[in-house]
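Asker: The sequence and its predicted three-dimensional model are supplied below.
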Amino acid sequence: MRRLLMTFFFTPFVLFAACEKGQLCQMEIPGSQCADGSQSYVSYIDRGSENLFVYVQGGGACFDAVTCGCRLKENNCKGSNEGGEGATAGYLSRPPFDSQIHPWGLNENGPIGSGNYFEIVYCTGDVYTGAGTVNYGNILLPRVVRHMGAVNFRLSIDKAKEMFPNVKKVTIIGASAGGVGVTYNLHHISRNFGQTELYVINDSGIPILAKYLQVNKIQSVLEKWNVEATLPDGLTQDDLVDFEEIYEFNASQFPDVKFALLGATRDLVFHGYFQLLGGNSNSVKLSLEATSQVLDKTTNHKYFLNNGRWHTATFLSSFGMPKEALPKSHGVNIEDWIAQMVGNSSEWRSLTAE
C-alpha cells in the first residue's frame with residue numbers, strides 16, 4: 001500500500017481578532033492549500049464549553065481532468081465558488097465565507113448537544129489523504145490541482161487543539177469525503193485529543209477497497225494524490241492497494257477511541273464513484289461488509305449499516321426528514337444509535353444491514 005499507493009446556515013464570518021464567545025467565526029490556517037492554491041481556513045464557535053464538536057466537511061473526490069472539472073478556458077481546475085467557467089467541482093476552491101454548518105452544531109437537541117464548534121474545510125478533492133500536486137493538462141495548457149488534504153487536516157486539527165486545549169469530551173463527525181478523512185487521519189486526531197473522551201464518526205465515507213474495484217485504477221488515484229507521503233507511521237502493508245489496512249491499523253493502535261462507521265449498502269454517491277473506479281453494483285455493499293468484519297475484532301469500533309440508498313445520514317433531518325423516517329437498523333433509529341454511542345450506553349452495538 002505504501003508503495004502503490006443539511007441545513008445550511010449562511011452566517012457572515014467574523015475575523016478572529018473581533019471574534020466573541022458564541023459567534024460564528026473563521027480563521028485562516030497558515031501552510032494550508034486548497035486545490036487552486038488559495039489558503040484554506042476553519043470556522044468555529046467558542047461557547048466556553050468543556051465539550052467540542054468537530055465537523056469535517058464532505059464534497060466529493062477527483063482524480064483526472066474530467067472529475068476535477070478542468071475546462072479549456074481555465075488555467076487551473078477551479079470550482080464554482082471561484083467562478084471558473086463551466087466548472088462543477090466547487091470543492092476545489094476555497095469556499096466563500098459562508099458556512100456549511102453541520103445541523104447538530106447549532107442544535108442543542110441533537111445527539112451531540114451544544115458544545116464548542118469547529119469545522120474543517122474541504123477544498124482539495126482527495127478525501128483528506130493527499131500531499132501532492134498534479135498537472136491534469138500539459139505545459140502549454142496547465143490544469144494544476146494541489147491535492148493537499150491530509151496536510152490541511154493535520155494543520156486544522158492541530159489548530160483545534162490549540163484553540164480548545166482543555167475540553168474533556170470531543171465528538172468528530174466526518175461526512176462523505178470527510179468520513180474517509182476522519183478514518184484516514186485518526187492518528188492525528190488521537191495525537192491531539194486521545195487523552196479526552198473521544199468519539200469519531202465516519203458518516204458515509206464508504207471504505208475504498210481495491211478487491212471490489214480495479215487495482216490499476218486505485219493505484220493511479222493514490223499516486224496522483226501522493227498518499228504514500230501521508231500514511232501513518234507504523235502502518236504495515238501487503239500487495240493489495242486499499243484502505244482496509246487503515247481500519248486494521250486504527251483498531252490495533254487506537255482501541256480505546258470510540259469509532260463509528262455509518263453506511264447504506266446502496267449509497268448512491270459512492271456507487272457512482274466506485275463505477276468510475278471499476279466497481280459494480282455490489283461494490284459498496286461488499287466493501288461495507290468486509291470492513292465490518294475488521295471492526296468486529298474490536299470493542300469500541302462499531303458500525304451502523306442498512307440497505308438504504310441514503311448518503312450522509314446525519315444531515316437527513318436538516319432536509320426536513322422527520323426522526324421516525326430516519327434510517328433504522330434492527331429497529332434502532334440512527335440518531336438514537338449515535339446518542340447511545342456518545343452517551344456511553346451499554347446498549348450501543350454494531351448493527352448489520354438486514
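Answerer: Done, it's in. Everything quoted here is computed from the prediction, not taken from an experiment. Residues are numbered from 1 along each chain as shown.

Asker: Could you say which helix or strand holds the spatially most central residue of the chain?
Answerer: In the chain, the residue lying closest to the centroid (Cα atoms, centre = their mean) is G178, at 0.9 Å. Assigned by DSSP states H and E, G178 belongs to helix 177-184.

Asker: picking up where we left off before, pLDDT wise, what is the nearest residue to the residue nearest to the centre of the chain once chain neighbours are set aside at?
Answerer: Residue nearest to G178 in three dimensions, not counting chain neighbours: V56, with 3.5 Å by Cβ to Cβ, 6 or more residues apart in numbering. Just so you know, the C-beta spots here come from the backbone N, C-alpha and C atoms, and that holds for glycine as well. At V56, the model reports a pLDDT of 97.

Asker: residue contacts, the residue nearest to the centre of the chain?
Answerer: Y55, V56, Q57, G58, I120, Y122, Y128, D203, G205 (Cβ atoms under 8 Å, 6 or more residues apart in numbering).

Asker: Next up, phi/psi of the first one, please.
Answerer: Phi and psi for Y55, reported as degrees, to the nearest 10, are phi -110, psi 130.

Asker: can you tell me how far the residue nearest to the centre of the chain sits from N306?
Answerer: Counting by Cβ to Cβ, to the nearest Å, the gap from G178 to N306 is 20 Å.

Asker: still on that earlier bit, what sits against the residue nearest to G178?
Answerer: Counting by Cβ under 8 Å, 6+ apart, the residues that V56 touches are 119-120, 122, 128, 153, 172-175, 178-179, 181-182.

Asker: Redo those residues as JSON lines? Include pLDDT.
Answerer: Output for the contacts of V56, formatted as JSON lines (pLDDT from 0 to 100):
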{"residue": "E119", "pLDDT": "95"}
{"residue": "I120", "pLDDT": "96"}
{"residue": "Y122", "pLDDT": "94"}
{"residue": "Y128", "pLDDT": "97"}
{"residue": "F153", "pLDDT": "98"}
{"residue": "I172", "pLDDT": "97"}
{"residue": "I173", "pLDDT": "97"}
{"residue": "G174", "pLDDT": "97"}
{"residue": "A175", "pLDDT": "96"}
{"residue": "G178", "pLDDT": "97"}
{"residue": "G179", "pLDDT": "98"}
{"residue": "G181", "pLDDT": "98"}
{"residue": "V182", "pLDDT": "98"}
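
Asker: Turn those residues into JSON lines, including distance to G22.
Answerer: Output for the contacts of V56, formatted as JSON lines (distance: Cβ to Cβ, whole Å):
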{"residue": "E119", "distance to G22": "15"}
{"residue": "I120", "distance to G22": "20"}
{"residue": "Y122", "distance to G22": "25"}
{"residue": "Y128", "distance to G22": "29"}
{"residue": "F153", "distance to G22": "26"}
{"residue": "I172", "distance to G22": "21"}
{"residue": "I173", "distance to G22": "21"}
{"residue": "G174", "distance to G22": "25"}
{"residue": "A175", "distance to G22": "24"}
{"residue": "G178", "distance to G22": "25"}
{"residue": "G179", "distance to G22": "28"}
{"residue": "G181", "distance to G22": "28"}
{"residue": "V182", "distance to G22": "26"}
